[in-house]
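Asker: how does the following fold in three dimensions:
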Amino acid sequence: MKNFLSSTLFLAFSILILISCKDDDAEPKLEFQTDNKTISLKEAKLYLRVQGGYEGAVNYTYRDYMISDGELLPDKNGFSLDHYSNATYFIALEVASANPNLPMAGDYTLHRFWDNVTDGSNLSYIFGGFEDKTVDTPDSGTKSPLIIKGGLEPGQTMTIDFDGEIAYRSASGALTPFNGKLNFTGVVIDKRD
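Answerer: Predicted structure coming up:
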């Protein structure tokens, strides 16, 4: 009886350990969520398209990263669905750090207009397109962070997380805010000129 009880307790304890470890081993969700749609990013590629300088209230070094299920075409900036072959969506992310720093892992607060930022903090901008929708960074008081982990250089694995306010942009330019989410991990592909 003592052996049976010991074996049963050992088995129950082992099952609990396996169940608790299961969440740690689960692959992260690779998706972009809008107010009424979830786009799987499992087949997406991550392109580094541009590195440049921005002169405003504070001078910044910025990088444009593009996430798409299509192939970024040569000589295209990636800010339109027709800049990719066989794409059903694209998400453009601009991240910037105050000069002389290059963008690196960290939090990048979302801003539509970078000239309004005078404290030298990290900045970001989100723009994207899928089907007949355009997603843009809103001009609002809510400044949610784009969180980047890992490496930002070509060949490195980069993880991008966002949970906050973004907006649909109509053909007239009007913005309709909604809460969106972005969860993506991919290897950076260098597509700079």
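Asker: enumerate every residue touching the residue nearest in space to the middle of the chain.
Answerer: Using Cα atoms, centre = their mean, the residue of the chain that lies closest to the mean C-alpha position is residue 160, 3.9 Å off. By Cβ atoms under 8 Å, 6 or more residues apart in numbering, the residues touching residue 160 are 65, 67, 93, 146-148, 182-185. For the C-beta atoms, the positions are set from N, CA and C on the backbone; glycine is no exception.
Asker: any idea which element it lies in?
Answerer: Element membership of residue 160 [criterion: DSSP states H and E] is strand 157-169.
Asker: can I get that strand as PDB, trimmed to CA atoms?
Answerer: C-alpha atoms of strand 157-169 as PDB (Å, rounded to 0.1, in the frame of the first residue of the first chain):
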ATOM      1  CA  THR A 157      16.400  37.200 -34.700                       C
ATOM      2  CA  MET A 158      14.100  40.100 -33.700                       C
ATOM      3  CA  THR A 159      11.000  39.900 -31.600                       C
ATOM      4  CA  ILE A 160       8.400  42.600 -31.900                       C
ATOM      5  CA  ASP A 161       5.400  43.100 -29.500                       C
ATOM      6  CA  PHE A 162       2.800  45.800 -29.500                       C
ATOM      7  CA  ASP A 163      -0.500  46.100 -27.700                       C
ATOM      8  CA  GLY A 164      -2.100  49.500 -28.000                       C
ATOM      9  CA  GLU A 165      -4.000  52.100 -30.000                       C
ATOM     10  CA  ILE A 166      -3.500  52.200 -33.700                       C
ATOM     11  CA  ALA A 167      -6.000  53.400 -36.400                       C
ATOM     12  CA  TYR A 168      -7.600  52.700 -39.700                       C
ATOM     13  CA  ARG A 169      -6.900  55.400 -42.300                       C
END
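Asker: now do it, average pLDDT.
Answerer: The predicted model assigns strand 157-169 a mean pLDDT of 95.
Asker: try stretch 74-88
Answerer: Average pLDDT, stretch 74-88: 95.
Asker: restrict it to CA atoms and write it as CSV.
Answerer: What follows is stretch 74-88, C-alpha atoms only, in CSV (Å, rounded to 0.1, in the frame of the first residue of the first chain):
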residue,chain,number,x,y,z
PRO,A,74,13.8,46.0,-55.7
ASP,A,75,13.8,49.8,-55.6
LYS,A,76,10.5,49.9,-53.6
ASN,A,77,10.3,51.4,-50.1
GLY,A,78,7.8,48.8,-48.8
PHE,A,79,5.0,51.2,-47.7
SER,A,80,2.5,49.9,-50.2
LEU,A,81,1.0,46.4,-50.8
ASP,A,82,2.1,46.7,-54.5
HIS,A,83,5.7,47.0,-53.4
TYR,A,84,5.7,43.2,-52.8
SER,A,85,5.2,40.2,-55.0
ASN,A,86,2.4,37.9,-54.0
ALA,A,87,1.7,39.7,-50.7
THR,A,88,-1.6,39.8,-48.9
